[in-house]
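**Student:** Using only what follows, build the 3D model:
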Amino acid sequence: MDINGANPPLLMVHGWGGSHQETWQNTGVEQLINDAGTTVIGVDLLGHGTSEKPHDPSNYADISAPIRKAIGARSTGVDAVGFSLGAIALLDAALHNPKYFRKLMLVGIGNGLLEPHKPDETERIIAGIDGTASPDDILARQFGNYAKRSNNDPLALRAALLRPRNKPFSEADLRSIDAEIVLAVGDRDFVLPADRLANAFTRCRFVNLKNCDHFASTENFTFIDTLLGFFCEH
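**Tutor:** Numbering: from 1, shown residues only. A predicted model of the protein is given here:
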């Protein structure tokens, strides 16, 4: 794979509890990208997929390190799509170098990225992983089920949630990103609203994924159509 070729490859980043194989290959999305003539760079974030899975939260402080390593010393921008934690990691990478990306598609993130981290929300998800969440807390139980899927290490995913947090993204920082951006969020996603985040970027188009919750985002037909149109049509 030549990531320094003339046509920019598409770097694909899964969300928390996923992996490149689970999110992009098993669902057939990567094959659609390849069939359209675009090369894919698959990234497994630390604690996920084929990457190392440490149990110490401090190891997860630099969430975009695997992305920056995958991009390497490329002199021209790549394209990238990221879901949830993957989208957050892509933004972190873009702030390390605003010229990393030509186009970015960010999926399943909202205005919460512009606000201080809320530890109680993390503890709610941790309770889902630990099996101590309230039986009627469906969201926590969904996260818990994600963590316990085959090939996952729940303790590593728990550590990723407890990672040291940086200050929130600011509108001023996000305006420094050169990339053309699509922000796609399901209309039933718990991360909503996302208007303030969308407006923070210099060039951003918001796409509403109808009748779609957070966990179904990457298999939504509107998402896939938008993905192919954004990155693969010439």
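**Student:** Can you give me every residue that contacts Phe101?
**Tutor:** Residues in contact with Phe101, defined by C-beta atoms under 8 Å, 6 or more residues apart in numbering, are 77-80, 90, 93-94, 177-179. In short, each C-beta sits where N, CA and C put it, glycine included.
**Student:** and it, bridged to which residues?
**Tutor:** Note on Phe101: beta-bridge partners Val78, judged by DSSP bridges.
**Student:** The spatially most central residue of the chain and Ala194: what is the separation?
**Tutor:** Most central in the chain under C-alpha atoms, centre = their mean is Gly86, positioned 2.1 Å from the mean C-alpha point. Per C-beta to C-beta, to the nearest Å, Gly86 is found 16 Å from Ala194.
**Student:** What of Asp56?
**Tutor:** Counting by C-beta to C-beta, the gap from Asp56 to Ala194 is 32 Å.
**Student:** So for those two, which residue has more residues nearby?
**Tutor:** Neighbour tally, Asp56 and Ala194, criterion other C-beta atoms under 10 Å: the higher count belongs to Ala194, 21 against 10.
**Student:** Which residues in stretch 50-68 does the neighbour count mark as buried?
**Tutor:** 53-54, 59-60, 63-67 (16 or more other C-beta atoms under 10 Å).
**Student:** related to what we said a few turns ago, please identify the helix or strand for the residue nearest to the centre of the chain.
**Tutor:** helix 85-96 (DSSP states H and E).
**Student:** now what about that helix, what contacts it?
**Tutor:** 13-16, 18, 43, 45, 63-64, 66-68, 71, 80, 82, 100-101, 104, 106-109, 113, 160, 166, 169, 173-174, 176-177, 179.
**Student:** Among those residues, which lie within helices?
**Tutor:** 66-68, 71, 160, 173-174 (DSSP state H).
**Student:** Could you dump those residues into a markdown table with pLDDT and distance to Ala140 added?
**Tutor:** What follows is the ones in helices among the contacts of helix 85-96, written out as a markdown table (pLDDT from 0 to 100; distance: C-beta to C-beta, whole Å):
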| residue | pLDDT | distance to Ala140 |
| --- | --- | --- |
| Pro66 | 97 | 27 |
| Ile67 | 97 | 28 |
| Arg68 | 95 | 32 |
| Ile71 | 92 | 34 |
| Ala160 | 97 | 16 |
| Asp173 | 93 | 31 |
| Leu174 | 96 | 29 |
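**Student:** Among the residues you listed, which one sits closest to Ser134?
**Tutor:** Of all those, Ser134 sits closest to Ala160, with 22.9 Å by C-beta to C-beta.
**Student:** right, and the closest one touches Gly17 too?
**Tutor:** No. Ala160 is not in contact with Gly17 according to C-beta atoms under 8 Å; the separation is 9.0 Å.
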